[in-house]
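> here's a sequence, model it:
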Amino acid sequence: MIMEAIFRQVKIELSSPNQESGPNSPLILYIDGNQVPNTSFSLLICVTDFHTNTWQARKSLHDLEDMRDVTGIGGSWSEFLDYVTASFMSEDLKIVMEEKSKSGGITSAKIIAQKGKGMPRISISLSKLVDATASDVMANMSFELFKQYECVHNILTKDQEHICRLTNLLKAEQEKNESLRKQLDALEFSSKRQKSDKISDMSTSGQDSPGKRNQTGKVSSRIVPTHRRAKVRGALLQDTEE
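Predicted structure coming up:
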């Protein structure tokens, strides 16, 4: 079984309104669950402000089985882990802190997570760490946080490179389409011009054809002036009387 690591800021709630304020710095929650070689599955929960407040809890597979029974969440193990993950990612996640004496500060804390109102609530008690143990936990959280940042950064870098390649391909296609459009416009203009010139040539050649010129000449040659027609008719009449 594998559970993805979770990093997030957690809200602070004091168990009693009469107690002094809690930590002044924000608390960061780190949760990780994985299958360590030669060991059973365990869930690690760490909370720290990277100063003087560091808390931790580790839940074994047996502890998780008890938690599953208490919450009443059925289904497969993967479904249970999905519910746990969703609960720790919900807005209702909080850490409840309690102080038993005003001089002793915060003495106990527990994480409370709930996927949604009316749904099973997960409650995990935390142990406060001090000295070298707390330093080791903070160092481990810092390193894990850096690894997650590096992973996210690499993913974003690859996505940006992919977007850049797609942008260049899109730009090349747009330039290609623009070039084809200009070529089509030029061909269309040339075709219209050739068609117009052809129609003009046909009209001109029709007006200047030899048939039309001969026909015009024949008609013109058959026309006789009026005075000539009168003389001819007069001459013919005189010949008839004789």
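
> so which residues of this structure form helices?
All helices of the chain, identified by DSSP state H, fall at 61-71, 77-88, 131-207, 210-222, 226-241.

> need those in TSV (columns: mean pLDDT).
Putting the helices of the chain into TSV (pLDDT from 0 to 100) gives the following:
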stretch	mean pLDDT
helix 61-71	88
helix 77-88	88
helix 131-207	88
helix 210-222	53
helix 226-241	50
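
> most tightly packed of the ones you listed?
With neighbours defined as mean count of other CB atoms under 10 Å, the helices of the chain peak in mean count at helix 77-88, which reaches a mean of 17. C-beta here means a position set from N, CA and C on the backbone, and glycine is covered the same way.

> give me the contacts around that helix.
Residues outside helix 77-88 that contact it (CB atoms under 8 Å, 6 or more residues apart in numbering) are 1, 3-4, 6, 8, 29, 31, 33, 43, 64, 68, 73, 93, 113-115, 120, 122.

> from the chain's centre, how far out is stretch 26-36? Work that out for me.
Distance, stretch centre to chain centre, for stretch 26-36: 29 Å (CA atoms, centre = their mean, to the nearest Å).

> mind listing what's buried along that stretch?
Of all the residues in stretch 26-36, those buried under the rule 16 or more other CB atoms under 10 Å are Leu27, Ile28, Leu29, Tyr30, Ile31, Asp32, Gly33.

> CA atoms of it as PDB?
Extracted as PDB, the C-alpha positions of stretch 26-36 are listed here (Å, rounded to 0.1, in the frame of the first residue of the first chain):
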ATOM      1  CA  PRO A  26       2.100  28.600  11.700                       C
ATOM      2  CA  LEU A  27       2.100  24.900  12.000                       C
ATOM      3  CA  ILE A  28       3.000  22.700   9.000                       C
ATOM      4  CA  LEU A  29       1.500  19.200   8.800                       C
ATOM      5  CA  TYR A  30       3.400  16.400   7.100                       C
ATOM      6  CA  ILE A  31       1.800  13.000   6.500                       C
ATOM      7  CA  ASP A  32       3.400  10.100   4.700                       C
ATOM      8  CA  GLY A  33       2.500   6.500   4.300                       C
ATOM      9  CA  ASN A  34       4.500   3.900   2.300                       C
ATOM     10  CA  GLN A  35       5.700   0.300   2.300                       C
ATOM     11  CA  VAL A  36       9.100   0.300   3.800                       C
END
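
> now Asp49, what are its backbone angles?
Reported as degrees, to the nearest 10, the phi and psi values for Asp49 are phi -110, psi 10.
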